[in-house]
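Participant: Sequence below, structure please.
(chains A and B)
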Amino acid sequence: IAGITQAPTSQILAAGRRMTLRCTQDMRHNAMYWYRQDLGLGLRLIHYSNTAGTTGKGEVPDGYSVSRANTDDFPLTLASAVPSQTSVYFCASSPGLPTGELFFGEGSRLTVL
Amino acid sequence: GQNIDQPTEMTATEGAIVQINCTYQTSGFNGLFWYQQHAGEAPTFLSYNVLDGLEEKGRFSSFLSRSKGYSYLLLKELQMKDSASYLCAVRDGDYKLSFGAGTTVTVRA
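Facilitator: Okay, the predicted model is just below:
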């Protein structure tokens, strides 16, 4: 059982380039999330999706977009990368109530130069 | 929005007990979570509290007081493998999960 798969694991990107981080889950969870993790700031929510076909903005959505065409996939796109988007990105999914804990992917380390 | 505070670092000796406190202010409350994150790895779920009181899971316990906006994670019989970052997270009225900055626990021999 794979759980949540993120790709790429690591990427170095020139500023101004477009980049899509992929996230796929095989647990049939309705809710999916994208977080970025920066030293001293913890995990911050970028975008989320409560179910296929719907998305919402989190705490730090600017510069990022997402889509949720089906239950399994939740890609995150940086339209024009900037150095401040250098971070570790975690995708997560949740089965919903009662506890609704998050299951995380292994993360994608992105460096924008 | 959320305001979640927890100490940045704690150090303890192998076999000892450590208590990590977390205070929060939230618009709506639908549960408090604790996650463990080893360096370079993804966070993993430890505990969940939605009602006041203590939840015990082996060496780990978590406590919640909703009226005080306060939780703690208690780690007993510390082992070297418990050296990690511990993240307090609050689920708000819209069921989004917000995280504190994390507490790095270092266990010394």
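Participant: Enumerate every residue touching residue 55.
Facilitator: Chain wasn't specified; assuming chain A. A:T55 sits next to A:47-49, A:66-68 when contact means C-beta atoms under 8 Å, 6 or more residues apart in numbering or on different chains. Where you see a C-beta, it was placed from the backbone N, CA and C, and this is true even at glycine.
Participant: Oops, wrong one, chain B.
Facilitator: So B:E55 contacts B:47-49, B:61-64 (C-beta under 8 Å, 6+ apart).
Participant: of the contacts of A:T55, list those near chain B.
Facilitator: Filtering the contacts of A:T55 for proximity to chain B by C-beta under 8 Å from any C-beta of the partner chain leaves A:Y48.
Participant: Which strand residues bridge the residue most central in space within chain A?
Facilitator: The structure's chain A has its C-alpha centroid closest to A:W34; by C-alpha atoms, centre = their mean the separation is 2.9 Å. Taking DSSP bridges as the rule, A:W34 bridges to A:H47, A:C91.
Participant: what does A:L13 give?
Facilitator: On the basis of DSSP bridges, A:L13 is bridged to A:V112.
Participant: swap in A:L21?
Facilitator: With DSSP bridges as the rule, A:L21 is bridged to A:L76.
Participant: same for the helix-or-strand element of chain B with minimal mean pLDDT, what does it pack against?
Facilitator: Every helix and strand of chain B was ranked by mean pLDDT, DSSP states H and E. The lowest is strand B:2-5, at a mean of 87. Packing partners of strand B:2-5 (3 or more C-beta pairs under 8 Å, 6 or more residues apart in numbering or on different chains; DSSP states H and E): strand B:18-26, strand B:84-91, strand B:97-99.
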